[in-house]
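> build me a model from this:
(2 chains)
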Amino acid sequence: MTTLVTVPELETRFAGVITPDTRKGYEGYIVDVQHLKDFAKALRDEYGYDYLASLTGVDYLPEDRMEVVYHVYKSTGGPGLVFKVQVPRENPIVPSLVDIYPGANFQEREAWDLLGIRFDGHPNLRRILLWEGFWGHPLRKDWREPYFEEEGKPYSSRWPEGKHFHHEDRNPFGKNVDYPPGFDPYTWEPETADEILYQAVLKRSEIRDDLRTERVVINLGPQHPSTHGVFRMIVTLDGETIVALEPVMGYLHRNHEKIGERNTWIMNIPYTDRLDYISAMANNFGYVLAVEKLMGIQPPERAEYIRVIMAELTRIVNHLWAIGFLLNDLGAFFTPALYAIEERELILDVFEAVTGSRMMNNYFRFGGVARDIPEDAWEKMVELVTDRLPRKVDELDRYLTESELIKSRTIGVGVLTAEEAIALSTSGPVLRASGVPYDVRRADPYSIYDRFDFDVAVRYHGDVYDRYLIRIDEMRQSLRILQQAIRDIPEGPIMAGKPQYQVRVPPGEAYGRVEAPKGELGFYVVSTGKPNPWRYHVRAPSFVNLIALETMCRGHKIADVVTILGSIDIVLGEVDR
Amino acid sequence: MDGRGILRGLAVTFKHFIASYVDDFRRLGKRYFTQEGVLYRSSPQVEGVFTIQYPEERRPVPENFRFIPFLVYDEGPNGEKEIRCTACGICAKVCPPQCIWIVRAHDPETGKPLKKPAEFYIDVDICMNCGFCAEFCPFDAIIMDHDYELATYDRFATNVFDINRLLKPASYYQQIRPTQYALKAAEREKKAAAKAARRGKAA
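Below is the predicted model:
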């Protein structure tokens, strides 16, 4: 379980600046907003908390207060530390931590975009998920969405007198949508906003040498087969070389977190499937861990083992997919991808037989899993894990790893050093390929990962080739874990207590983090004891890993952008949320 | 950089290429368009081509497979439909996208609410196939279906399922989910027996 600590030394040193958070169910420190930067700097430089995992805001409407929550960890492992700053709801201003933790960049922009918290000193504080011109900050508790019905589900119009209607009929366009004063959606021209963006990217790449070469701005995407979805990169080129890059995202934004705050606790489980839809059960895992921490329940042994089995199979599925499509991005059109997908299909067959669905699994519950593994699915899974998959991973390795074509396209491309990787808050294979052996399963063990014998895969060059290799390594380690789990799994119940459709979650906050296939997936939840979460935040690994994209791409050729993006392995369902 | 890596890689593709033909010959006449062939192609032993030629071929779905829910009715002695649903509203309360609308039936004479739905709607455009309704139904009255071929031309006209469209017989339920059906039937019998015993004791 993700653990947090208090450092008594800090309390004496920063007496008067920090106060322990004594609210019931809360942990960590409340830092005076004036001294936030000094405190963070000391934490990073003197106490070793050099990795900012999660940064988010919470709107405490009844107390008329905005809160920014920071979770920091040591990149050498161990429990983390949480600290908060509190500012008034009206015009909240918090000093930006981008120069101390560069990984705060996108997360601060997200908090500005969705909650309207202004980060003083942020180099590029623009909206990130919503469009320029959007009115309001949707995660504020008094902001209401179109088709608004009630503050929280279940809606009273459904039962006992529920008459079906189409929302479209009841809610003609315009009603219940907030626009800025004088805004007309029919005449609004988006060009101005883009023009500002282009100018900003150009400005970042100002010419410093004597050769007066011209800079070219190119849009890669949003409709581009290499972007794995609807994702845009604004690239400034000097000839063919990239001098600046600005990712633009949010095309798939649906405000998952607002939906999550309308939902009851259990309703969020199937919604988490839709975040990173390639590895749905890893998302389930993170969310149930966070809520179980609040509820203070422990799943039974067998359920823990089933969870680990499913999470590791998910990791294999994800890495197969990532490698296959990385090769697609390199130009090996679909042969390697289909060899990988064939194995993925077989694992999905197992998922379907166990969970009922191939991708949208909705399998984990608070205190266990939804159902036991049927006999035939178990047999198929054992056969896959002990015989077929090890063979096929070796085959993929033989097929791709030594290929000169792949080596010449990937070695030395998109290099991210260990220091940069930590500073930019990257996680998962991206972090470990840069030589930082940080794996949440080891660094901050949750569930029963401390029982398994496995190695944290690590590579040291930080280039695309290493990010490819590390996924092969991780699949082998996952198979090791799976073989141990299959051997040791006990009989017994799969659920602590009776399955409930309305769970009681005591007031408090919790941060659940898991090592999802793409990196650290965190869920920050706040409960007020009501049936709906007060705050539900997803720290999405794909989203945070994208902060490092510009660093990786700068100095490389335009053709390498596609490869570098492929090596980060993003899923837009999770980036845009 | 002498090209040996590429050759080794090409050997793998060549093996796959050969395997697809060898396997076709080895299983000549049995590999395609037979149930056995379909099962083989989704088994861990498969070599060669693994594609299933939908819609000519269909992979059998596992029992746990879930798609849009349906309502179960038991057939009465005279062929009347005894709807299991009691309009308790749990499915409507747990439904994440809130796609279930229930109207509770009332006694036409006294006006008292009955343990029966008068109307039951599921907007299948909104349904996310999570299966919570079936999982938490205490009466085994709403079940996730196996029929996944629901494409239509007009969603407004057809995609709000009403109670007539939703009702399916218990025999269909038994056919698609035999294990679950047996398990739940045994549970119900046990409960009924316990209730009868309690009543006997009280008398």
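> use CA for all of it now, contacts and neighbours both
OK.
> what's the burial count for residue 95?
Using chain A. Here the number of neighbours of residue A:95 (other Cα atoms under 10 Å in any protein chain shown) works out to 16.
> nope, chain B
Neighbour count for residue B:95, taken as other Cα under 10 Å: 24.
> residues touching it, list them.
For residue B:95, the contacting residues are A:154, A:267, B:132-133, taking Cα atoms under 8 Å, 6 or more residues apart in numbering or on different chains as the criterion.
> change it to 10 Å
A:153-154, A:263-264, A:266-267, A:501, B:127-133 (Cα atoms under 10 Å, 6 or more residues apart in numbering or on different chains).
> what segments of chain B are helices?
With DSSP state H as the criterion, chain B has helices at B:4-26, B:35-41, B:90-94, B:132-136, B:155-158, B:163-166, B:170-176, B:178-202.
> list the helices and strands the fifth one packs on?
By that I understand helix B:155-158. On a contact count with 3 or more Cα pairs under 10 Å, 6 or more residues apart in numbering or on different chains; DSSP states H and E, helix B:155-158 meets strand B:113-123.
> ok, now the first one?
Of the remaining helices and strands, those touching helix B:4-26 by 3+ Cα pairs under 10 Å, 6+ apart are helix A:335-355, helix A:389-400, helix A:404-410.
> so residue A:198 touches residue A:247, yeah?
No - here residue A:198 does not reach residue A:247: they are 11.7 Å apart, not a contact under Cα atoms under 10 Å.
> least trustworthy helix or strand in the chain by mean pLDDT?
Assuming you mean chain A. Every helix and strand in chain A was compared by mean pLDDT, DSSP states H and E; the lowest is helix A:167-170, with a mean of 69.
> can you look at chain B instead?
Every helix and strand in chain B was compared by mean pLDDT, DSSP H and E; the lowest is helix B:155-158, with a mean of 80.
> contacts for it, please.
Taking Cα under 10 Å, 6+ apart as the criterion, the residues outside helix B:155-158 that touch it are A:166, B:123-125, B:150-152, B:165.
> which positions in it come out as buried?
If you call a residue buried by 16 or more other Cα atoms under 10 Å in any protein chain shown, then helix B:155-158 has these buried ones: residue B:158.
> quick check: which ranges of the chain have low pLDDT?
Picking chain A for this. In the prediction, chain A carries residues with pLDDT under 70 at positions A:1-3, A:168, A:170-180, A:190-193, A:204-212.
> wait, chain B was what I had in mind.
Using pLDDT under 70, chain B drops low at B:1, B:202-203.
> which segments of it make up each domain?
Chain B is divided into the following domains under automatic domain parsing: B:1-60, B:69-202.
> okay, those domains, which one's buried deepest?
domain B:69-202 (a mean of 16; mean count of other Cα atoms under 10 Å in any protein chain shown).
> returning to what we had before: so what's in contact with residue A:198 and residue A:247 at the same time?
Where contact means Cα under 10 Å, 6+ apart, the residues bridging residue A:198 and residue A:247 through contact with each are A:219, A:234-235.
> okay, these in JSON lines with distance to residue A:438 next?
JSON lines is the format used below for these (distance: Cα to Cα, whole Å):
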{"residue": "A:219", "distance to residue A:438": "34"}
{"residue": "A:234", "distance to residue A:438": "31"}
{"residue": "A:235", "distance to residue A:438": "31"}
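> which one of these is nearest chain B?
Distance to chain B, by Cα to the nearest Cα, is smallest for residue A:235 among the shared contacts of residue A:198 and residue A:247, at 32.0 Å.
> show me which residues of the stretch 201-350 of chain A sit near chain B.
For the stretch 201-350 of chain A, the residues in contact with chain B (Cα under 10 Å from any Cα of the partner chain) are A:259-260, A:262-271, A:273, A:335-336, A:339, A:342-343, A:345-347, A:349-350.
> among the residues you listed, the buried ones, what's the PyMOL command?
Applying 16+ other Cα under 10 Å to these, the buried members can be selected in PyMOL as follows:
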select buried, chain A and resi 259+260+262+263+264+265+266+267+268+269+270+271+273+336+339+342+343+345+346+347+349+350
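> quick one on the thing from earlier: make JSON lines out of the helices of chain B and add distance to residue A:422.
Written out in JSON lines, the entries for these read as follows (distance: least, Cα to Cα, whole Å):
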{"stretch": "helix B:4-26", "distance to residue A:422": "34"}
{"stretch": "helix B:35-41", "distance to residue A:422": "45"}
{"stretch": "helix B:90-94", "distance to residue A:422": "41"}
{"stretch": "helix B:132-136", "distance to residue A:422": "40"}
{"stretch": "helix B:155-158", "distance to residue A:422": "49"}
{"stretch": "helix B:163-166", "distance to residue A:422": "54"}
{"stretch": "helix B:170-176", "distance to residue A:422": "52"}
{"stretch": "helix B:178-202", "distance to residue A:422": "49"}
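> which one is residue A:314 nearest to, not counting chain neighbours?
Counting by Cα to Cα, 6 or more residues apart in numbering or on different chains, residue A:279 is the residue found nearest to residue A:314 once chain neighbours are left out, at 5.3 Å.
> wait, isn't the one you found in contact with residue A:516?
Yes - applying Cα under 10 Å as the test, residue A:279 and residue A:516 come out as touching, 7.9 Å apart.
> deepest of the helices and strands packed on helix B:4-26, which one?
helix A:335-355 (a mean of 21).
> elements contacting that one?
With contacts defined as 3+ Cα pairs under 10 Å, 6+ apart, the secondary structure elements packing on helix A:335-355 are helix A:301-330, helix A:375-383, helix A:389-400, helix B:4-26.
> between the domains of chain B, which one is nearest to residue A:186?
Shortest distance between residue A:186 and the domains of chain B, using Cα to Cα, is found for domain B:69-202: 26.4 Å.
> thinking again about what came up before, so which of the helices and strands packed on helix A:335-355 comes closest to residue B:83?
The closest of the helices and strands packed on helix A:335-355 to residue B:83 is helix A:375-383. By Cα to Cα, the value is 32.3 Å.
> what angle sits between the closest one and helix A:335-355?
On the basis of axes from the mean of the first three to the mean of the last three Cα atoms, to 10 degrees, helix A:375-383 is oriented at 140 degrees to helix A:335-355.
> show me the contacts for the residue at minimal distance from the centre of chain B.
Among the residues of chain B, the smallest C-alpha distance to the mean C-alpha position (Cα atoms, centre = their mean) belongs to residue B:145, namely 2.8 Å. In this structure, residue B:145 makes contact with B:63-71, B:129, B:131, B:134, B:168, B:172-173, B:176-177, judged by Cα under 10 Å, 6+ apart.
> ok, and which of those residues reach chain A?
When these are filtered against chain A using Cα under 10 Å from any Cα, the residues retained are B:63-67, B:129, B:131.
> show the contacting residues for the residue nearest to residue A:314.
Contact criterion Cα under 10 Å, 6+ apart gives A:273, A:310-319, A:359-361, A:516-518, A:571 as the residues in contact with residue A:279.
> now do residue A:382
Contacts for residue A:382 were tallied using Cα under 10 Å, 6+ apart; they are A:376, A:388, A:482-483, A:486-487, B:44.
> most neighbours, which of those?
Sorting the contacts of residue A:382 by how many neighbours each has (other Cα under 10 Å) puts residue A:482 first, at 25 neighbours.
> tell me which other helices or strands the helix or strand hosting that one touches.
Counting by DSSP states H and E, the secondary-structure element that holds residue A:482 is helix A:464-488. Judged by 3+ Cα pairs under 10 Å, 6+ apart, helix A:464-488 is in contact with helix A:301-330, helix A:375-383, helix A:389-400, helix A:404-410, helix A:429-433, helix A:558-568.
> give the buried residues for that helix.
Neighbour counts using 16+ other Cα under 10 Å place A:464-486 of helix A:464-488 among the buried residues.
> quick revisit: let's have the domains of chain B in JSON lines, adding distance to residue A:102.
Shown next, in JSON lines, are these (distance: least, Cα to Cα, whole Å):
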{"stretch": "domain B:1-60", "distance to residue A:102": "38"}
{"stretch": "domain B:69-202", "distance to residue A:102": "37"}
